[in-house]
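this is a predicted model, with the sequence first.
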Amino acid sequence: MYEILRFPIGVMVFAAFLVGTGNLFINPAFDSLYSIDNTYVLRTAEAMYRTGSFLIVNFPVLFLFGMVSRKGTGGITSLSAFAGYAAFILFTMYFSRNDLPGWAYSSMLGISSTSLKIREMMNGVYYPLQTGLIGAVGVAFITLRSFNTTRVRNDYGLFSYISREVSAVIGTVIRAALFGAVLAAVWTFLVSGVQYMINYIAADTTNPVKLAAYGILDRGLSVLNLGTYIRSPFWYGASGGTWVTMAGVSVAGDVNIWRAQTAASSIGGSTGRFITPYYILNMFAVPGLLLAHYTLLTDRIEKRRLRLYYILMGLMSIVMGTLLPIELTLLFTAPLLFGMHLAYTGLLFGALQAMHVYLGFNYAASGTMAVNPGTLVELLTYLHYPSLTVMVLKLLAAGVVSFAAYFFMTRYYYRYLAVDIFRTDALKRLVDGVIEAVGGIDNVKLTNSSPGRLVLTLFDPAKMDAAKIRKLASVRIYETKAGYAITFGAASTMIRQGIDAKMRSYVRQV
């Protein structure tokens, strides 16, 4: 999956960079640190921010294209997927209930509708259901199924005058439309489930257990491109609390309240509880994870080549926030590690609530998906508030602990948990299979690995049997200056450790 989705995830990293860079220039919350009045700089920054936001909001479309793109199809699958996705979201709009919460809908691809004939849709503007990656994955499989069906079509059938390419598009649109209508009916249950959890958490937002549930839901839904489901009610709605200003104006939502309080220089209470953990995740957890990834590289040349990349990614996370692209990568390459991340995130939300540590998000707009709360620059803007000094110190202490936790958790996962956690001898079969495919343990000269691939230097490369390697669930194999690079994903480090153990045993026997 990661090999297929490297393109959309790479675009997400670039989108996060655009959003983060643009935000540094146009966010008025940073005026206490610096002020920029150059109109050309501001125009460029605004354009960068909007471009990045567009890419993040429409990530399901990029995800869809990444899944269906195939060599030699002339772009037919991508065009077919786009047509099918348009039909899908239109049918979710016309066949979904109109009384769901507002956060369940979204103007995807700018689509909206009013009707002069449909009685239930005459009053107001209606939008498609927001199904995130779930809808995109469904349409992707439909597209590939339709394309494969037309490849084996009988050219002498009833509709033989329709080309295979057009047939693929027609089949995709029809199937995607039916999928949209069915999903619209089923989606109501998911929305009801999320609403139940919102009510459960909102009943007592001071309860650490409920804050932990919020944290897990927030990150779990965000990677599915459904973060609005949980964020809108708490960030901008009454579920996140209310506060009355000195002028008697009632403000609802955790983010709105924090912004109003900072504007009035009256920060206090427990506002910011739904944002605080992001400072730790962006500034400490992600850098800890990246450092662990870097230390798992065993090839010194490869380490030197990638050192700047890891440094830049770490700095980008601290200053701009790159949590979502990192989580997407974990989801598709290391699902168990992603689950551990979700569990730690929930623990972090609960622990910070129990410690009464609150630091909010001074954000003027009402976005939920293309925003990066919890960065260093924003933290610096709060240092001149005496009432927040203790909060910041506690947050930094929790951050140091989280950095260490993510560093050791990541290393432990790749070295011991990435494959065969139930000890079914799957790892042994992989190791023995690789050794057999390369011509025996005596043909292995040197081994290296990274969190994604295994590199073997052989005494006699002619003994390599690539066909056997591919049967062992290797994504791809190619020859480099250092030897044969074999992409085994998260299992690569453990396979390398297994081969090294076999090599040591062989040397002792010899």
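Nice, thanks for sending it over. Numbers count the residues shown, from 1 in each chain.

going forward, measure contacts and count neighbours with C-alpha atoms only.
OK.

can you give me how far the helix or strand that contains Leu315 is from the chain middle?
Using DSSP states H and E, Leu315 sits within helix 300-319. Between the centre of helix 300-319 and the centre of its host chain there is 20 Å, according to C-alpha atoms, centre = their mean, to the nearest Å.

hmm, who's touching it?
Where contact means C-alpha atoms under 8 Å, 6 or more residues apart in numbering, the residues beyond helix 300-319 that reach it are 17, 20, 282-284, 286-287, 290-291, 294, 297, 322-323, 375-377.

between those residues, which has the most around it?
With neighbours defined as other C-alpha atoms under 10 Å, the most crowded of the contacts of helix 300-319 is Met283; it has 29 neighbours.

closest to the centroid, which residue in the chain?
Closest residue to the average C-alpha location of the chain: Leu328 at 3.0 Å, with C-alpha atoms, centre = their mean.

and the strands in the stretch 151-300 of the chain?
Chain-ordered strands for the stretch 151-300 of the chain, with DSSP state E, counting those that start in this stretch as the definition, fall at 242-244, 250-252.

mean neighbour count and distance to Gly360 for those - can I get that in JSON lines?
As requested, these are arranged in JSON lines below (neighbours: other C-alpha atoms under 10 Å; distance: least, C-alpha to C-alpha, whole Å):
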{"stretch": "strand 242-244", "mean neighbour count": "16", "distance to Gly360": "14"}
{"stretch": "strand 250-252", "mean neighbour count": "18", "distance to Gly360": "14"}
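
got JSON lines for the ones you listed, with mean pLDDT and distance to Glu46 too?
As requested, the strands of the stretch 151-300 of the chain are arranged in JSON lines below (pLDDT from 0 to 100; distance: least, C-alpha to C-alpha, whole Å):
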{"stretch": "strand 242-244", "mean pLDDT": "89", "distance to Glu46": "31"}
{"stretch": "strand 250-252", "mean pLDDT": "91", "distance to Glu46": "27"}
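
in TSV: the ones you listed, plus distance to Leu352.
Below are those laid out as TSV (distance: least, C-alpha to C-alpha, whole Å):
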stretch	distance to Leu352
strand 242-244	21
strand 250-252	22
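
if we can go back for a sec, the residue nearest to the centre of the chain against Pro8, yeah?
No - in this structure, Leu328 is not within contact of Pro8 by C-alpha atoms under 8 Å, at 10.0 Å.

you'd agree Ile499 is up against Leu430?
No - taking C-alpha under 8 Å as the contact criterion, Ile499 and Leu430 are not neighbours in contact, 9.7 Å apart.

scan the chain for its longest helix.
With secondary structure taken from DSSP state H, the chain has its longest helix at helix 164-202.

now for it, which elements pack on it?
Contacts of helix 164-202 with other secondary structure elements, assessed using 3 or more C-alpha pairs under 8 Å, 6 or more residues apart in numbering; DSSP states H and E, are made with helix 76-95, helix 132-151, helix 208-223, helix 228-235.

contacts for the shortest one next, please.
Taking contacts as C-alpha under 8 Å, 6+ apart, the residues outside helix 228-235 that touch it are 103-104, 194, 198, 214, 217-218, 221-222, 239-241, 253-256, 274, 368-369.

any idea of the mean pLDDT in it?
What helix 228-235 shows for mean pLDDT is 94.

do the same with the first one
For helix 76-95, mean pLDDT is 91.

okay, the angle between it and helix 132-151?
Between the axes of helix 76-95 and helix 132-151, defined by axes from the mean of the first three to the mean of the last three C-alpha atoms, to 10 degrees, the angle is 130 degrees.

give me the helices and strands touching helix 76-95, please.
Packing contacts for helix 76-95, counted by 3+ C-alpha pairs under 8 Å, 6+ apart, involve helix 59-68, helix 132-151, helix 164-202.

then the third one?
Here helix 208-223 is seen to pack against helix 164-202, helix 228-235, helix 323-333, helix 335-354 when contacts are counted using 3+ C-alpha pairs under 8 Å, 6+ apart.

for the helix holding Leu315, what is the average pLDDT?
Averaged across helix 300-319, pLDDT comes to 94.

ok, now stretch 471-483?
Mean pLDDT, taken over the full extent of stretch 471-483, equals 86.

same question for stretch 59-67.
Predicted confidence along stretch 59-67 averages 89 (mean pLDDT).

where's the residue lying closest to Ala213 once chain neighbours are set aside relative to Leu144, distance?
The shortest distance from Ala213 to any residue other than its chain neighbours is 6.2 Å, reached at Gly346 (C-alpha to C-alpha, 6 or more residues apart in numbering). Going from Gly346 to Leu144 by C-alpha to C-alpha, to the nearest Å gives 37 Å.

between these two, which is the more surrounded one?
When Gly346 and Leu144 are compared on other C-alpha under 10 Å, the one with more neighbours turns out to be Gly346, at 24 against 20.

so that one makes contact with Asp218?
No - look at Gly346 against Asp218 with C-alpha under 8 Å: they stay out of range, at 9.3 Å.

how's the protein carved up into domains?
Under automatic domain parsing, the residue ranges defining each domain of the chain are 2-198, 232-417, 426-509.

how far does the last one stretch from start to finish?
Spelled out, that is domain 426-509. 25 Å.

hey, where'd the helices end up in the stretch 351-500 of the chain?
Ranges of helices within the stretch 351-500 of the chain are 376-380, 389-412, 426-437, 466-471, 492-509, based on DSSP state H, counting those that start in this stretch.

as TSV, those with distance to Leu190 would be great.
Conversion of those to TSV gives the following (distance: least, C-alpha to C-alpha, whole Å):
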stretch	distance to Leu190
helix 376-380	35
helix 389-412	31
helix 426-437	36
helix 466-471	38
helix 492-509	37
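
closest one to His356 among these?
With C-alpha to C-alpha as the measure, helix 389-412 is the member of the helices of the stretch 351-500 of the chain nearest His356 (8.2 Å).

now do the closest one: distance to the chain's middle.
Relative to where its chain is centred, helix 389-412 has its mean C-alpha point 21 Å off (C-alpha atoms, centre = their mean).

what helices and strands are in contact with it?
Helices and strands touching helix 389-412, by 3+ C-alpha pairs under 8 Å, 6+ apart, are helix 277-280, helix 286-295.

buried residues, it. List them.
Applying a neighbour-count criterion of 16 or more other C-alpha atoms under 10 Å, the buried positions in helix 389-412 are 391-392, 394-396, 398-399, 402-407, 409-411.

and if you look at stretch 436-452?
Neighbour counts using 16+ other C-alpha under 10 Å place 436-439, 441, 443-444, 447-452 of stretch 436-452 among the buried residues.
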